[in-house]
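Asker: Give me a model of this one.
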Amino acid sequence: METDGSGAVALLTVPVVNVSRCSGCGRCVAACPLKIITLDSVGFHKNAVIKFEDRCTKCGSCIVSCPLGALDT
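Answerer: Predicted coordinates for the structure are as follows:
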């Protein structure tokens, strides 16, 4: 992560979902201002999936919203 001096944080890369930590709670889906994160079923479990990675502005909202730390760069 880097800052611009104003305290705002910008990620250097698109976040990645660690599916072994994701509970499928949907907090990252709600936090994403661009609505590019969805919950997809994987067997009997739901995991967050970042769709349209090229649209991600790397704002970090999804990372901050995850209580389990399932999203990271």
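Asker: Next one: the most centrally placed residue in the chain from Thr73, what distance?
Answerer: Central residue of the chain (Cα atoms, centre = their mean): Cys62, 3.6 Å from the mean position. Counting by Cβ to Cβ, to the nearest Å, the separation of Cys62 from Thr73 is 11 Å. The C-beta positions use only the backbone N, C-alpha and C, and glycine is treated the same way.
Asker: Name the residues contacting each of the two.
Answerer: Pro15 (Cβ atoms under 8 Å, 6 or more residues apart in numbering).
Asker: mind checking how far Arg21 is from Ala10?
Answerer: Using Cβ to Cβ, Arg21 is found at 23 Å from Ala10.
Asker: Show me where this structure has its helices.
Answerer: Secondary structure of the chain by DSSP state H: the helices cover 27-31, 61-65.
Asker: Apart from its neighbours in sequence, what residue is nearest Lys46?
Answerer: Nearest residue to Lys46 in three dimensions, chain neighbours excluded: Gly24, at 3.3 Å (Cβ to Cβ, 6 or more residues apart in numbering).
Asker: Check Arg21 too.
Answerer: Nearest non-adjacent residue to Arg21, counting by Cβ to Cβ, 6+ apart: Ala70, 3.9 Å away.
Asker: Look up phi and psi at that neighbour.
Answerer: Main-chain torsions, Ala70, degrees, to the nearest 10: phi -80, psi -10.
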